[in-house]
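Engineer: predicted model and sequence below, questions to follow.
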Amino acid sequence: MREDGRVDQRRKLNSEAPIVLSIMDRLVDLRPEASQDPFPSFAESLRELRSAICQDLTDLLNTRRSLDSVPDEFENVSQSLLTFGLPDTSSLSLGAAAGQERLKRAIEQAIQIFEPRLKSVSVTLQPSAKLSQSLRFRVDALLLVKARLEPVSFDTVLHAESSKFTVAGENK
């Protein structure tokens, strides 16, 4: 709002303009049959952004790091591609509370480091059936969009038999 109490039209138009996706997301053609992509509304581009983040989280959580630990003197390496992903979970006892907590912290840390679009990341273990072959987590965060924060949630499942994660986002 301007000093005279009127709404600055440029600011209003900017906040309602579509969100620009990452270069990788823009290079992927989801509609190859169309010769030109439609100009999305803010709401449509926000849905596309959430979908892209959901896919990026799936890729992050299904990647196993090449380094388990980094010596302290190489502080920048801990945020490099050498540590992208999660540590190998095959040695964790995922049926035990300690193993589940360790995995929850690893998920939270990986998202905080490698998904800069999400702020205030919180991962919680969700209740599962007693004989379930999977672990369920909920990822809650704030998505930074055009200088404002949008709450987002992702339901995440680790399938024990395949050690693969699936990530689903909320359709808000």
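Structural biologist: Everything's here; your move. Numbering: from 1, shown residues only.
Engineer: which stretches of this structure aren't confidently modelled?
Structural biologist: Scanning the chain for pLDDT under 70 picks out 1-31, 37-39, 67, 130-131, 170-172.
Engineer: for residue 154, phi and psi?
Structural biologist: The phi and psi values for residue 154, taken as degrees, to the nearest 10, are phi -130, psi 130.
Engineer: how much space between it and residue 122?
Structural biologist: The gap separating residue 154 from residue 122 is 11 Å, by CB to CB, to the nearest Å. From N, CA and C alone the C-beta is placed, and that goes for glycine too.
Engineer: now do the shared contacts for the two.
Structural biologist: With contacts defined as CB atoms under 8 Å, 6 or more residues apart in numbering, the residues adjacent to both residue 154 and residue 122 are residue 139.
Engineer: tell me which of those two has more neighbours.
Structural biologist: Taking other CB atoms under 10 Å, residue 154 and residue 122 do not tie; residue 154 has more neighbours (22 against 13).
Engineer: does the residue lying closest to that one once chain neighbours are set aside lie in a helix or a strand, and which?
Structural biologist: Leaving aside its sequence neighbours, residue 154 sits nearest to residue 139 (CB to CB, 6 or more residues apart in numbering; 4.3 Å). Using DSSP states H and E, residue 139 maps to strand 134-145.
Engineer: tell me the buried residues in that strand?
Structural biologist: Within strand 134-145, the residues that qualify as buried are 134, 135, 137, 139, 141, 142, 143, 145, counting by 16 or more other CB atoms under 10 Å.
Engineer: do I have it right that the second one meets residue 94?
Structural biologist: Yes: with the criterion set as CB atoms under 8 Å, residue 135 and residue 94 qualify as a contacting pair; they are 5.9 Å apart.
Engineer: so what sits against both of the two?
Structural biologist: Common neighbours of residue 135 and residue 94 (CB under 8 Å, 6+ apart) are 100, 103, 158, 160.
Engineer: which non-adjacent residue is nearest the last one?
Structural biologist: By that I understand residue 160. residue 133 (4.7 Å).
Engineer: could you do the first one as well?
Structural biologist: For residue 100, ignoring the flanking residues on the chain, the nearest one in space by CB to CB, 6+ apart is residue 125 at 5.6 Å.
Engineer: in whatever helix or strand the one you found lives in, what's buried?
Structural biologist: Assigned by DSSP H and E, residue 125 belongs to strand 118-126. Neighbour-count burial for strand 118-126, counted by 16+ other CB under 10 Å, picks out 118, 121, 123.
Engineer: can you check stretch 52-72 too?
Structural biologist: 52, 53, 54, 56, 57, 58, 60, 61, 62, 65, 70.
Engineer: next, the contact list for the last one, please.
Structural biologist: It stands for residue 70. So residue 70 contacts 77, 78, 82, 83 (CB under 8 Å, 6+ apart).
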